[in-house]
Structure formats: structure tokens, C-alpha cells
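1. Have a look at this fold, sequence not included:
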């Protein structure tokens with residue numbers, strides 16, 4: 001006696017002699033089929049199932065091994081993965097001292113030379129290890145040794161820490177400077193009387209324009225041997241306030257009564273002088 005699969009209702013199938021099969025429906029009716037192919041087509045509703053008779057009824061090489069349970073390979077793999085994950089990571093409660101020793105060996109000289117606190121860097125390394133324990137970068141003893149893994153983590157964390165500290169130190173300032181980049185007493189600036197009804201931005205811009213004009217005047221004296229540069233420098237001083245007013249080259253040429261090509265050369269000279277003036281201000 002054979003039975004169809006569960007999805008087909010576990011219907012009984014009786015082999016007939018000398019050949020053929022009898023399928024018994026749920027309502028008790030029986031249907032006879034001359035061969036296995038006709039039987040499989042009837043079971044699948046006239047559709048070709050793509051399986052042989054032996055495979056469908058699990059006979060011969062397709063029969064499950066009797067007396068031995070099937071191995072649940074997926075369950076075994078999951079248990080192995082869980083067991084492996086439990087062994088991953090670094091237990092800082094047990095190996096925190098080792099981490100500190102490896103940090104001192106890997107980055108101790110750099111920490112001292114840059115003036116950083118070793119404990120601050122060590123805490124950053126601890127945080128980095130804890131983050132990696134929860135992610136994909138946890139310590140795996142099958143891939144690397146403990147010393148190599150901790151050394152790589154220490155170097156990575158210290159590199160990020162050093163870059164962050166350098167950015168912070170670059171943004172911090174000590175003391176105060178005036179518009180000429182001259183150090184002044186910050187205490188005196190704090191007790192200065194407030195300026196009422198004064199636009200400080202306009203005051204600073206006017207001072208910068210005056211300084212730039214003086215800078216161009218100094219250059220003008222050195223260009224007396226070159227008539228073209230001398231004329232460009234003189235014209236650049238006249239163009240400077242008009243450029244600040246937001247006027248275009250054609251408007252400047254019309255207002256000064258000078259040809260646009262000459263105004264273009266003056267503007268080009270003004271841009272170069274302004275760049276040089278700004279660089280000198282930063283240096284001094």
C-alpha cells in the first residue's frame with residue numbers, strides 16, 4: 001500500500017496485478033490507472049510534476065534511511081554559529097590590563113610626545129573594543145591572535161583620537177588681535193566702552209580698504225620704471241571703492257571715462273594685489 005504526499009491528501013494507492021494502480025478518493029470512489037505516469041498526472045491534476053514514480057513515493061534510492069533520524073544541518077549550523085559568536089569579542093573585565101599594556105607598547109611613545117593623557121586614550125580604546133564587540137569587527141581567535149587584534153585596534157583608535165585633538169587645537173585661540181593681526185590685551189578690550197550707533201562691519205571694511213590702498217601705493221612707487229604696471233596700480237586705487245560699491249566693469253569705465261580694457265587690467269592688478277595683501281596680513 002502506498003500513499004500520496006501530504007499536500008495531495010495522503011490518499012491510498014494500491015498496485016494492481018499484473019500492472020496498473022488504483023487510487024482511492026476521499027469520497028470512497030476508486031480510479032484505476034494503467035501506468036505510473038497516468039497515476040502521477042491524476043494526482044497533480046493533469047500537470048507534469050517533473051518527478052519519477054520512485055521519487056514521488058520515496059522508493060529505492062529516494063527512501064529515507066530507516067532507524068536513523070535525519071540530520072538537521074541548518075540547526076547544527078545555527079548552533080555552531082551561536083557557539084562561535086559567544087567566543088567572539090574581548091572581555092575587558094578579564095583582559096583590560098593586557099589591553100593597557102598593548103596600548104602602551106603600540107602607541108605609548110606617540111601619546112607622550114603629543115602630550116596626551118594615557119588614561120584618556122585608554123578609555124577611547126575601551127570604547128572602541130566595546131563597539132566592535134557588538135558589531136562585525138569583534139575579536140575572532142580563529143582569524144587573528146589577541147595581541148595582533150588589540151594592536152590594530154589601538155592604532156586605529158589613536159589615529160582618530162589624534163586627528164580629533166588636532167582639529168580641536170586648531171580651532172582654539174588664545175589672546176586677541178586687532179584688525180592688523182597685532183596682539184592686544186584682552187582685558188582692555190573687555191572694558192572698552194560700547195560703540196553706539198556704529199556699524200562695526202563697515203568700520204572694519206573701511207579700514208581694510210584703506211590698508212589695501214596704502215599697500216597698492218607702496219607697490220606703485222616700485223613700478224615707476226614700468227609705465228604699464230604704474231598706470232595699472234594708480235587706476236586700481238581709483239577702481240577700489242567702485243568695486244566695493246558693487247559696480248561692474250562697464251559701469252566703472254563709464255563713470256571714470258576710461259576704456260573697458262584698461263579697467264580690466266586694473267581689476268586684474270587689484271585682484272593680485274589683494275591676494276598678496278591678505279597673505280601678508282595673515283603672516284604678520
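-> Cool, the structure landed. It should be emphasised that the depicted structure is a prediction, and the values quoted were computed from it without experimental measurement.
2. When you work out contacts or count neighbours from here on, use the C-alpha atoms and nothing else.
-> Will do.
3. So what's the residue count around residue 37?
-> 15 (other C-alpha atoms under 10 Å).
4. let me fix that: residue 20
-> Should you count by other C-alpha under 10 Å, residue 20 turns out to have 15 residues around it.
5. ok, it touching residue 31?
-> No. In this structure residue 20 lies outside contact range of residue 31 using C-alpha atoms under 8 Å: 10.6 Å.
6. any idea how far the helix or strand containing residue 104 is from the chain center?
-> Element membership of residue 104 [criterion: DSSP states H and E] is helix 92-113. Its chain's C-alpha centre and that of helix 92-113 lie 27 Å apart, by C-alpha atoms, centre = their mean, to the nearest Å.
7. The next helix or strand after that helix versus helix 92-113: what angle between them?
-> Using DSSP H and E, the next helix or strand after helix 92-113 towards the C-terminus is helix 118-134. Relative orientation of helix 118-134 and helix 92-113, computed by axes from the mean of the first three to the mean of the last three C-alpha atoms, to 10 degrees: 130 degrees.
8. How far off centre is helix 118-134?
-> With C-alpha atoms, centre = their mean, you get 20 Å for helix 118-134.
9. residues of that helix that come out buried?
-> Neighbour-count burial for helix 118-134 flags 118, 121-122, 124-126, 129-130, 132-133 (criterion: 16 or more other C-alpha atoms under 10 Å).
10. Same question for stretch 132-141.
-> Buried residues in stretch 132-141, counting neighbours by 16+ other C-alpha under 10 Å, are found at 132-133, 138-140.
11. remind me which residues of the stretch 151-284 of the chain are low pLDDT?
-> Along the stretch 151-284 of the chain, segments meeting pLDDT under 70 span 172-206, 220-225, 280-284.
12. returning to that earlier point: what is the helix holding residue 104 packed up against?
-> Applying 3 or more C-alpha pairs under 8 Å, 6 or more residues apart in numbering; DSSP states H and E, one finds that helix 92-113 contacts helix 118-134, helix 146-171.
13. Can you pull out the residues in contact with it?
-> For helix 92-113, the external contacting residues (C-alpha atoms under 8 Å, 6 or more residues apart in numbering) are 117-118, 122, 126, 147, 150-151, 154-155, 158.
14. what angle do it and helix 146-171 make?
-> 50 degrees.
15. Could you identify the buried members of the contacts of helix 92-113?
-> By 16+ other C-alpha under 10 Å, the contacts of helix 92-113 give 118, 122, 126, 150-151, 154, 158 as buried.
16. Closest one to residue 244 out of those, please.
-> residue 158 (47.9 Å; C-alpha to C-alpha).
17. quick one: that closest one from residue 232, how far?
-> 54 Å (C-alpha to C-alpha, to the nearest Å).
18. Also residue 62?
-> Look at residue 62 and residue 232: by C-alpha to C-alpha, they are 98 Å apart.
19. repeat for residue 137
-> Residue 137 sits 64 Å away from residue 232, going by C-alpha to C-alpha.
20. Over to residue 247?
-> Distance of residue 247 to residue 232, computed by C-alpha to C-alpha: 18 Å.
21. Same question for residue 109.
-> Residue 109 is 57 Å from residue 232, by C-alpha to C-alpha.
22. Mind checking which of those two has more residues around it?
-> residue 232 (21 against 11).
23. what about the closest residue to that one other than its chain neighbours, which SS state?
-> Leaving aside its sequence neighbours, residue 232 sits nearest to residue 266 (C-alpha to C-alpha, 6 or more residues apart in numbering; 4.9 Å). Assigned by DSSP: H, G, I helix; E, B strand; the rest coil, the conformation of residue 266 is helix.
24. isn't residue 266 right up against residue 240?
-> No. The criterion here is C-alpha under 8 Å, and residue 266 misses it with residue 240 at 9.4 Å.
25. and the two? which has more neighbours close in?
-> residue 266 (23 against 17).
26. For the more buried one, list the residues it contacts.
-> Shown in contact with residue 266 (C-alpha under 8 Å, 6+ apart): 232-233, 235-236, 239.
27. Nothing else from me, thank you.
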